[in-house]
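Undergrad: coordinates only, sequence not included:
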């Protein structure tokens, strides 16, 4: 069915899309990103959680959250990216936070098929006809944004390598893997762009005041 994939960017707060997001057949979120206090912007439902393993621990515990939020199981299933044994994707460098999912932790479907009563599904890199388009868009995006502003919204904040060695954000990579999986008949994205600066905050790091201005979330 129709899927809403809710990203973590602060642009999720630019419009009140909560009801629109919840109207989709399936709502997919990254990890255990909170909705409380942000309902009118990001909705309330979490049908599928795109999760990754804790980067410093090698167990297959899906209850680890990289931002420290209380884990709440999704309504339908967990979704994990499965890369090859060397943590390489099909034509693009895999973000290290994702390649660890199977390279270090070795959490395969036979190891974790069900977690706390919820299914765990694995998606692999898309087929070549999808990755060819993905890689071209990424490469062109890196080049054009460097030329126009010297910054890039496709990239990890700490990525200072040469352009041909750049790694995408985990969100960029996972969305394309999701496209190739054919789990959704259509995909709408929310909160995936930045406000003119790729170092923008996650939406839950900000609090929206009555006048519409944003301040740092004191609860984090």
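TA: Nice, I can see it. Not measured: the values here are computed from a predicted model.

Undergrad: right, and the helix or strand after the longest helix that the chain contains?
TA: Scanning the chain for the longest helix, with DSSP state H as the assignment, gives helix 128-148. Once the chain leaves helix 128-148, the next helix or strand it forms, by DSSP states H and E, is helix 170-181.

Undergrad: what helices or strands is the longest helix of the chain leaning on?
TA: With contacts defined as 3 or more C-beta pairs under 8 Å, 6 or more residues apart in numbering; DSSP states H and E, the packing partners of helix 128-148 are helix 170-181. Glycine gets a C-beta too; all of them are placed from N, C-alpha and C.

Undergrad: and the helix it packs on with helix 128-148, angle?
TA: Inter-element angle recorded for helix 170-181 and helix 128-148: 150 degrees (by axes from the mean of the first three to the mean of the last three C-alpha atoms, to 10 degrees).

Undergrad: now the helix or strand that helix 170-181 is followed by: mean pLDDT?
TA: The helix or strand immediately downstream of helix 170-181 is strand 186-190, counting by DSSP H and E. Mean pLDDT, taken over the full extent of strand 186-190, equals 94.

Undergrad: got the contact list for the host helix or strand of residue 120?
TA: Following DSSP H and E, one finds residue 120 within strand 118-123. Here strand 118-123 makes contact (C-beta atoms under 8 Å, 6 or more residues apart in numbering) with 62, 73-74, 76-82, 108-109, 112-114, 177-178, 180-181, 183.

Undergrad: among those residues, which lie within helices?
TA: Among those, the subset assigned to helices under DSSP H consists of 177, 178, 180, 181.

Undergrad: what's opposite the closest residue to the first one other than its chain neighbours in the beta bridge?
TA: What sits nearest to residue 177 in space, not counting adjacent residues and going by C-beta to C-beta, 6 or more residues apart in numbering, is residue 123, at 5.0 Å. With DSSP bridges applied, residue 123 shows beta-bridge pairing to residue 81.
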